[in-house]
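S.K.: Here is the input, now give the coordinates:
(3 chains)
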Amino acid sequence: MTYQEEISVSTKGFCDVVDITDRVSDIVSDSKIKEGIVVVFSTSSTSAITTIEHEPNLVKDFEELLEKIIPKNKQYHHGATWGDDNGFSHLRASLIGPSLAVPISKGKMTLGTWENVVLCDFDNRSRERTLIVKVVGE
Amino acid sequence: MTYQEEISVSTKGFCDVVDITDRVSDIVSDSKIKEGIVVVFSTSSTSAITTIEHEPNLVKDFEELLEKIIPKNKQYHHGATWGDDNGFSHLRASLIGPSLAVPISKGKMTLGTWENVVLCDFDNRSRERTLIVKVVGE
Amino acid sequence: MTYQEEISVSTKGFCDVVDITDRVSDIVSDSKIKEGIVVVFSTSSTSAITTIEHEPNLVKDFEELLEKIIPKNKQYHHGATWGDDNGFSHLRASLIGPSLAVPISKGKMTLGTWENVVLCDFDNRSRERTLIVKVVGE
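M.R.: Below you'll find the predicted structure:
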């Protein structure tokens, strides 16, 4: 059995880390699938999916980490291609990755107490994002 | 068909990289699933799952890499939230990610010769970790 | 239902980022699976799978990013184990990860417009790589 829903998220860009745990949980419930996996996938090349304890101070640490590794004000070659100055957004997205697979057991995701599923929007402006949530199992 | 087992691992923290390949392989065997995928998922926000050639020198390189990118003795905002001084552990976990999906073919994971599945415990103390191993297929 | 094909890729090493989107799409078509997920998995410990907008300037940015984080000319402990001087290749692969799961809807991967699936070969020489593409669904 498979089941799919989309999630739409309005984001602010520049490392906007949005907690989508409850929305994914609701889709897992809607699916009626009790045992299997759910894949959360971001359909853009400047955003990513990961897990984090979603509390404001740690989110700030995460933003500062990405700014240290991949600073937004550096010149990237990508800017010469489209002139849109979001090379840093693409690099952050490729590093974190667009996809997360979580097991489902007894109808629920097997997340730990402090594990939140998050969309990280790295683009340099606000966006309307679409995520695909696919459930596979029985 | 789906199948699930848990793995318990005692870890030392501070980038403890534990080879769990054989334990995951045994679960894939137990599942009797011949074709499909297995998802290995860490149910904590301060540990992660990836693959590496699990030999001591490379494990040391991996630890030094994470110490360079996300040093343990830096002050993180997260410390102000709970006072537990493990902001670096959370950031390392979010960067590497809690989940790994591996194909199963003829009843075995399709790992390369030097690819080991590892739990990386980044916390700042020893822990008892629980991993969920979910097999989906036929 | 499950379906599997292998992809062989000749790579140049040293952060060779190869667009495999069309080859994975063809396998998804061949599978006749309309709803499910596809897992693309690299069976080597010195290469990885991620998504990126595959245009030459951004690929150059990605290479420079990895060179900054994990330089190829640094001495790594791994060199003392096998003397093959590709510690940087292993570390890059473990950081990016060997596996990508993408949802399939109406017989196609749900990739965004600018999202390409890529094999990143980080080894220090040319290689013949084998990827496993596993489709699970209905």
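S.K.: Now tell me what touches whichever strand or helix holds A:V17 from outside.
M.R.: Per DSSP states H and E: A:V17 is located in strand A:16-19. Strand A:16-19 has contacts (CB atoms under 8 Å, 6 or more residues apart in numbering or on different chains) with A:9, A:11, A:52, A:54, A:59, A:62-63, A:116-121. Bear in mind the C-beta positions are built from the backbone N, C-alpha and C, glycine included.
S.K.: For chain A, what lies in contact range of chain B?
M.R.: A:35-37, A:50-53, A:55-58, A:60-62, A:65, A:69, A:95-97, A:100-105, A:110-112, A:114-115, A:136-138 (CB under 8 Å from any CB of the partner chain).
S.K.: and these, which of them are in strands?
M.R.: A:36-37, A:50-52, A:100-105, A:136-137 (DSSP state E).
S.K.: Highest neighbour count among those residues?
M.R.: A:V136 (30 neighbours; other CB atoms under 10 Å in any protein chain shown).
S.K.: Show me which helix or strand of chain A is least confident by mean pLDDT.
M.R.: helix A:78-82 (a mean of 93; mean pLDDT, DSSP states H and E).
S.K.: Identify the residues contacting that helix?
M.R.: So helix A:78-82 is in contact with A:85-87, A:90, C:53, C:55-58, C:61, going by CB under 8 Å, 6+ apart.
S.K.: show me what contacts the closest residue to A:Y3 other than its chain neighbours?
M.R.: Nearest residue to A:Y3, sequence neighbours excluded (CB to CB, 6 or more residues apart in numbering or on different chains): A:S31, at 3.6 Å. Taking CB under 8 Å, 6+ apart, we find A:S31 in contact with A:1, A:3, A:38, A:135.
S.K.: Throw those into TSV and include neighbour count and pLDDT, thanks.
M.R.: Formatted as TSV, those follow (neighbours: other CB atoms under 10 Å in any protein chain shown; pLDDT from 0 to 100):
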residue	neighbour count	pLDDT
A:M1	14	95
A:Y3	18	98
A:V38	26	99
A:V135	24	98
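S.K.: one step back: go through the ones in strands among the residues of chain A next to chain B and name the one nearest C:T130.
M.R.: Lowest distance from C:T130 to those (CB to CB) belongs to A:A101, with 21.9 Å.
S.K.: partner residues bridging that closest one?
M.R.: Beta-bridge partners for A:A101, by DSSP bridges, are A:V39.
S.K.: biggest helix in chain A, by residue count?
M.R.: Counting residues, the longest helix found in chain A (DSSP state H) is helix A:56-69.
S.K.: sec struct for A:K134, please.
M.R.: strand (DSSP: H, G, I helix; E, B strand; the rest coil).
S.K.: What distance do you get for the residue of chain A most remote from its centre to A:G87?
M.R.: Distance from the centre of chain A peaks at A:A80, with 27.0 Å (CA atoms, centre = their mean). Distance from A:A80 to A:G87, counting by CB to CB, to the nearest Å: 9 Å.
S.K.: So which residues on chain A come close to chain C?
M.R.: Neighbours of chain C within chain A, by CB under 8 Å from any CB: A:1-2, A:4, A:37, A:39, A:41-45, A:69-70, A:76-81, A:87, A:90-91, A:93-95, A:97-99, A:101, A:132, A:134, A:136.
S.K.: and the residue nearest to A:V133 when sequence neighbours are not counted, backbone torsions?
M.R.: Nearest non-adjacent residue to A:V133, counting by CB to CB, 6+ apart: A:I27, 4.7 Å away. Note on A:I27: its backbone torsions stand at phi -70, psi -40 [degrees, to the nearest 10].
S.K.: doesn't A:V135 make contact with A:I27?
M.R.: Yes - with contacts counted by CB atoms under 8 Å, A:I27 reaches A:V135, the gap being 6.9 Å.
S.K.: Need the overlap of contacts for those two.
M.R.: With CB under 8 Å, 6+ apart as the test, A:I27 and A:V135 both reach A:3, A:38.
S.K.: on that earlier part again, for the longest helix of chain A, which residues meet the burial criterion?
M.R.: A:57-63, A:65-66, A:69 (16 or more other CB atoms under 10 Å in any protein chain shown).
S.K.: any weak-confidence spans in chain A?
M.R.: For chain A, no stretch is flagged by pLDDT under 70.
S.K.: tell me which residues in stretch A:76-93 are buried?
M.R.: A:76-79, A:86-93.
S.K.: Now do it: distance from first to last residue.
M.R.: 15 Å (CA to CA, to the nearest Å).
S.K.: now do stretch A:91-107
M.R.: 35 Å.
S.K.: Run the chain-centre distance for it.
M.R.: 7 Å (CA atoms, centre = their mean, to the nearest Å).
S.K.: Stretch A:24-37 too?
M.R.: Worked out by CA atoms, centre = their mean, stretch A:24-37 lies 18 Å from the chain centre.
S.K.: Can you list the buried residues in that stretch?
M.R.: A:24-25, A:27-28, A:31, A:33, A:35-37.
S.K.: ditto for stretch A:117-125
M.R.: Buried residues in stretch A:117-125 (16+ other CB under 10 Å): A:117-123.
S.K.: mind giving me JSON lines with these and columns for secondary structure?
M.R.: Shown next, in JSON lines, are the buried residues of stretch A:117-125 (three-state DSSP):
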{"residue": "A:V117", "secondary structure": "strand"}
{"residue": "A:V118", "secondary structure": "strand"}
{"residue": "A:L119", "secondary structure": "strand"}
{"residue": "A:C120", "secondary structure": "strand"}
{"residue": "A:D121", "secondary structure": "strand"}
{"residue": "A:F122", "secondary structure": "coil"}
{"residue": "A:D123", "secondary structure": "coil"}
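S.K.: Return the member of those residues nearest to chain C.
M.R.: Lowest distance from chain C to the buried residues of stretch A:117-125 (CB to the nearest CB) belongs to A:D123, with 11.3 Å.
S.K.: For the closest one, which residues are in contact?
M.R.: Residues counted as contacts of A:D123 (CB under 8 Å, 6+ apart) are A:11, A:13-14, A:44, A:46-47, A:86, A:89.
S.K.: now the end-to-end length of stretch A:72-84.
M.R.: For stretch A:72-84, the end-to-end distance is 12 Å (CA to CA).
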